[in-house]
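Peer 1: What shape does this take:
(one chain, ligands or ions: 1)
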Amino acid sequence: MTTVRTRIAPSPTGDPHVGTAYIALFNLCFARQHGGEFILRIEDTDQVRSTRESEQQIYDALRWLGIEWSEGPDVGGPHGPYRQSERGHIYQKYSAELVAKGHAFHCFCSAERLDQVRAEQMEAKQTPRYDGHCMHLPADEVQQRLAAGEPNVVRMKVPTEGVCVVPDMLRGEVEIPWDRMDMQVLMKTDGLPTYFLANVVDDHLMGITHVLRGEEWLPSAPKLILLYEYFGWEQPQLCYMPLLRNPDKSKLSKRKNPTSITFYERMGFLPQAMLNYLGRMGWSMPDEREKFSLAEMIEHFDIQRVSLGGPIFDLEKLSWLNGQWMRELSVEEFAAGAQQWAFNSDYMMKIAPHVQGRVETFSQIAPLASFFFAGGVNPDAKLFEHKKLAPDQVRQVMQLILWKLEALRQWEKDRITACIQAVVEHLQLKLRDAMPLMFAAITGQASSVSVLDAMEIIGPDLTRFRLRQAIELLGGVSKKENKEWEKLLASIV
Ligand code: GLU
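Peer 2: Residues are numbered from 1 along each chain as shown. Below is the predicted model:
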């Protein structure tokens, strides 16, 4: 019997997402329960958006939760390299094989031509898709143009009629019409593969037997299935996991819920509780108990117990569960956990330089600096009353700064300042107009240590969280404002 092998294949393009941990957890449980292996592959073919920092954060976040993999870029293994950016030659070979077999073709169409075709199709109320222009070019012309170094992509051929039957472990057979599929680009002009080719080739070469991935990928399943057929490879079993949702049922998004695992770590959640909560997303123990460990989840795991109604990721429920875990720690474990979290000398060394000059006794530290050890800070709305700015402008400045800080990847004081500066300059304001607002949002106080230093120290997750909370306190952002301000944001450099 073949060994069960599952994987998580994150793209390192931002903060480590709770959705990644959720899918990783189910893949891990599935593999372990069958005595199999769970591996990690980094899908970094998007060279512009992928970073090594984000990759490292994924490892750290998953490990913090207690999720371990037996093969991966950082631990090695027999099927490496496990980072797609290091597998370029492999995709080249398989792409060439598809072209040679007539399942894919070189496409030389310019971006302008594709835009024009798209515009015409939209005009005629058709689904925009590639029109097959380069599909039947004579072989010698293709060779000539390739030899001349003309930029091109490789596209896969897809049927135009009929349906593709996607066998899903949870839903049974899902039928998706072929005419919804475009002639997907498999290799880009830069010679790198797209998700579709790289994912199929790697899952095959890495011996993956079961693919548990997010439901958002279900609509594109036919393209993957067809690629397996083109190559003549055995299909892995497919399982499309329900998407995590905000309490209002919309897809989990950072606009409504913090989605970065590091946020939960900074908030002082216990990793065991967090993992337990993720395990309850659409799944339950046979005896319906709410509190269980990873080992217990693995022992009782049954994929068929996943229910398809969108699981809701709710901070309040998570907090309740965390409380259960907290209370069951021994006093020693509780104290050690708190110490490790923030009451440690590293964190103290970050704070000390900013409080030392402002106190006369050690006993004044806690009242002055308590916000360094808090999640939210519940500022008084009065602190946001502004001499110069109307309440709407106050919300606008804060929202624009929040968006700028959400996009900031290197969390350093100078860069944080530059974000705020860019916003105020664009609105023809001064830094000193915005700083009292930042101050109130971040510290919850009327005066304390320098807020820019405080933001750097508390980190991106808590800074963004507190800004979001302050904006909510002031009435939030309407849909109309959201649209207008996003436009404004686009013009701020
Ligand atoms: N790289 C994809 C992602 O980031 C992987 C999806 C899959 O599991 O196939 O979600």
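
Peer 1: and the end-to-end length of stretch 373-383?
Peer 2: End-to-end distance for stretch 373-383, by C-alpha to C-alpha, to the nearest Å: 21 Å.

Peer 1: Hmm, I typed the wrong one, I wanted stretch 130-145.
Peer 2: 20 Å.

Peer 1: which SS state does the closest residue to Met398 other than its chain neighbours fall under?
Peer 2: By the measure of C-beta to C-beta, 6 or more residues apart in numbering, the closest residue to Met398 outside its immediate chain neighbours is Ile471, 5.4 Å from it. C-betas here are computed from N, CA, C, even on glycine. Here Ile471 is recorded as helix under DSSP: H, G, I helix; E, B strand; the rest coil.

Peer 1: residues in contact with Ile471?
Peer 2: Contacts for Ile471 (C-beta atoms under 8 Å, 6 or more residues apart in numbering) come out as 395, 398-399, 402, 477.

Peer 1: Quick check: phi and psi on the residue in the stretch 151-300 of the chain that the ligand sits nearest to?
Peer 2: Here the stretch 151-300 of the chain gets closest to the ligand at one residue, Arg213, 3.5 Å apart by C-beta to the nearest ligand atom. Torsion angles at Arg213 (phi, psi; degrees, to the nearest 10) stand at phi -130, psi 170.

Peer 1: Look up the residues forming beta bridges with it.
Peer 2: Tyr240 (DSSP bridges).

Peer 1: surely it meets Tyr240?
Peer 2: Yes: using C-beta atoms under 8 Å, Arg213 and Tyr240 qualify as a contacting pair, with a distance of 6.5 Å.

Peer 1: okay, these two: which has more neighbours?
Peer 2: Legend: neighbour count by other C-beta atoms under 10 Å for Arg213 and Tyr240, higher for Tyr240 (23 against 20).

Peer 1: wouldn't the more buried one be in contact with Ser220 here?
Peer 2: No: counting by C-beta under 8 Å, Tyr240 does not reach Ser220; the two are 10.8 Å apart.

Peer 1: And the pLDDT at Gln410?
Peer 2: Note for Gln410: predicted pLDDT of 89.

Peer 1: measure it to Pro460 for me?
Peer 2: Distance, Gln410 to Pro460, by C-beta to C-beta, to the nearest Å: 10 Å.

Peer 1: Those two - which one has more neighbours?
Peer 2: More crowded of Gln410 and Pro460, by other C-beta under 10 Å: Pro460, with 21 against 10.

Peer 1: host element of that one?
Peer 2: helix 451-473 (DSSP states H and E).

Peer 1: Now that helix: average pLDDT?
Peer 2: So the average pLDDT for helix 451-473 ends up being 96.

Peer 1: Can I get the helix or strand following that helix in PDB? Just the C-alpha atoms.
Peer 2: Downstream of helix 451-473, the next assigned helix or strand under DSSP H and E is helix 479-490. In PDB, the C-alpha atoms belonging to helix 479-490 read as follows (Å, rounded to 0.1, in the frame of the first residue of the first chain):
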ATOM      1  CA  LYS A 479     -18.800  51.800   2.100                       C
ATOM      2  CA  LYS A 480     -18.800  55.100   0.300                       C
ATOM      3  CA  GLU A 481     -15.900  56.500   2.200                       C
ATOM      4  CA  ASN A 482     -14.100  53.200   1.800                       C
ATOM      5  CA  LYS A 483     -14.300  53.600  -1.900                       C
ATOM      6  CA  GLU A 484     -13.300  57.200  -2.000                       C
ATOM      7  CA  TRP A 485     -10.500  56.800   0.400                       C
ATOM      8  CA  GLU A 486      -9.100  53.800  -1.400                       C
ATOM      9  CA  LYS A 487      -8.800  56.000  -4.500                       C
ATOM     10  CA  LEU A 488      -7.000  58.600  -2.500                       C
ATOM     11  CA  LEU A 489      -4.700  55.900  -1.100                       C
ATOM     12  CA  ALA A 490      -3.800  54.900  -4.600                       C
END
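
Peer 1: May I see the buried residues of helix 479-490?
Peer 2: In terms of neighbour count (16 or more other C-beta atoms under 10 Å), helix 479-490 has its buried residues at 485, 488.

Peer 1: what's the answer for stretch 167-186, then?
Peer 2: 168-170, 174, 176, 181, 183-186.

Peer 1: and which of those residues is nearest Arg32?
Peer 2: Nearest to Arg32 among these: Met169, at 16.8 Å, using C-beta to C-beta.

Peer 1: Tell me if Arg155 really is in a helix.
Peer 2: No: counting by three-state DSSP, Arg155 falls outside a helix, being strand.

Peer 1: For the residue nearest to it when sequence neighbours are not counted, list the residues it contacts.
Peer 2: Leaving aside its sequence neighbours, Arg155 sits nearest to Met183 (C-beta to C-beta, 6+ apart; 4.4 Å). Contacts for Met183 (C-beta under 8 Å, 6+ apart) come out as 107, 129-130, 132, 135, 155-158.
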